[in-house]
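Asks: curious how this folds, go ahead:
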Amino acid sequence: MQRKATKLVKGLELLTYDKSLEALRLTTLDEQRIRGDLIDVLKLLTGRENIDHTRLFQLDDTCYNTRGHKYKLKKNRSRLDI
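Replies: The predicted structure is shown next:
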């Protein structure tokens, strides 16, 4: 992305968006959205949200090694090679 940064931080107004994020050690908006989605999934699985997670996710019961937790999601595979 080639947008210029705003003048909120002195000295970064000439840098591109990507370079200013790197200089400030910030994550991109896409990374923030993925992190938020993962937090929401964890809340659903642990019962912190009042939503039935079994309608959205299926836990993998065939795996015994989940590094200290029981929340491994089952990955559904496609039968067709498209």
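Asks: dump the longest helix that the chain contains to CSV, restricted to CA.
Replies: Ranked by residue count, the top helix of the chain under DSSP state H comes out as helix 29-46. These are the backbone C-alpha positions of helix 29-46, laid out as CSV (Å, rounded to 0.1, in the frame of the first residue of the first chain):
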residue,chain,number,x,y,z
LEU,A,29,-4.9,-3.9,9.8
ASP,A,30,-5.2,-7.4,8.3
GLU,A,31,-3.1,-8.8,11.2
GLN,A,32,-5.2,-7.0,13.7
ARG,A,33,-8.4,-8.5,12.2
ILE,A,34,-7.0,-12.0,12.2
ARG,A,35,-5.9,-11.6,15.9
GLY,A,36,-9.4,-10.4,16.7
ASP,A,37,-11.0,-13.3,14.9
LEU,A,38,-8.8,-15.7,16.9
ILE,A,39,-9.8,-14.1,20.2
ASP,A,40,-13.5,-14.4,19.3
VAL,A,41,-13.1,-18.1,18.4
LEU,A,42,-11.4,-18.7,21.8
LYS,A,43,-14.2,-16.9,23.6
LEU,A,44,-16.8,-19.1,21.8
LEU,A,45,-14.9,-22.3,22.6
THR,A,46,-14.3,-21.5,26.2
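Asks: give the buried residues for that helix.
Replies: 41, 44-45 (16 or more other Cβ atoms under 10 Å). All C-beta spots, glycine's among them, are computed from the backbone N, C-alpha and C.
Asks: distance between that helix and the chain's centre?
Replies: Counting by Cα atoms, centre = their mean, to the nearest Å, helix 29-46 is centred 5 Å from the centre of its parent chain.
Asks: try stretch 10-30
Replies: 20 Å.
Asks: likewise for stretch 39-47?
Replies: Centre to centre, stretch against its chain (Cα atoms, centre = their mean), the figure for stretch 39-47 is 13 Å.
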